[in-house]
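Visitor: Test case, fold it:
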Amino acid sequence: MHVIQRGNNRQACFFSDDDYRCYLEWLGHASRDTGCSIHAYVLMTNHVHLLLSAHDAGDVGGMMKALGQRYVQHVNRVYARSGTLWEGRYRSCLVQHDLYLLSCMRYIELNPVRAGMVDHPGAYRWSSHRCNAQGEADALIQPHTVFTALDAEPRIRAERYRRLFQNALQPGEVDQIRAATNGNYALGNDRFAAQLASALSRRVTPGRAGRPPKHPQEPASRDLFESE
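Guide: Next comes the predicted model:
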């Protein structure tokens, strides 16, 4: 599952290095407590991306609730503020792992590059790229089997993953990931979508033209530090 949680009204939700460190520490606690496995992440100034696996969708909701409440309490206490920090419920999409997982990992870790914050994903501190692509230790990351299938040897696996970043994601791929996540749709091929629709008893693809989507996409314009 690809998860995005944004700051309320697109306002900042991280204000210092300690904030990022606290969030990652508590994400680790919450993911272990709920049995969720984190495969990739990036903490942007005003939103968060996570790629994770869970045994049940309720595990993800439990993790995000526990993490969100604890982090909001921290921000309100440290910065003498009150009120909401997050923009309502997180948005998410189920990812077809064999075809789309590596693309989703790249999409997440390239976020700081698309936002113009860094020239290379490895230059950004608050993401999983240094772990997945450069082999740095990160206790939060649990590699997905699609990722480990790149090679059994971690050094070679990281090298092969780095090679994927030599080619930018195509605009169509970026748009597809954004649309699926913002709309809570399936990120996969038609067969995957049909299987999910049958299992969940609901539509997992956008409706026909002319019908308003349940969750409209975000405006195309982006402020600096606000890429998706």
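Visitor: Show me which helix runs longest in the protein.
Guide: The single longest helix within the chain, with elements called by DSSP state H, is helix 57-78.
Visitor: Could you identify the helix or strand that succeeds that helix?
Guide: strand 91-95 (DSSP states H and E).
Visitor: what's the neighbour count on residue 46?
Guide: 17 (other C-beta atoms under 10 Å). In this view, the C-beta of every residue, glycine as well, is placed from N, C-alpha and C.
Visitor: So it sits against residue 6, correct?
Guide: Yes - counting by C-beta atoms under 8 Å, residue 46 sits close enough to residue 6 to count as a contact (6.4 Å).
Visitor: got any residues that touch both of the two?
Guide: The contact sets of residue 46 and residue 6 overlap at residue 13 (C-beta atoms under 8 Å, 6 or more residues apart in numbering).
Visitor: Low-confidence ranges, this protein, go.
Guide: 196, 200-201, 203, 207-228 (pLDDT under 70).
Visitor: Now do the strands in it.
Guide: Using DSSP state E, the strands of the chain run over 2-6, 37-43, 47-53, 91-95, 186-187.
Visitor: So which other helices or strands are in contact with the longest helix of the chain?
Guide: Packing contacts for helix 57-78, counted by 3 or more C-beta pairs under 8 Å, 6 or more residues apart in numbering; DSSP states H and E, involve strand 2-6, helix 17-34.
Visitor: Touching the first one from outside, list them.
Guide: Surrounding strand 2-6, the residues in contact under the criterion C-beta under 8 Å, 6+ apart are 13, 46-52, 60, 64, 68, 86-87, 90-93, 95, 104, 108, 177, 180-182, 187, 228.
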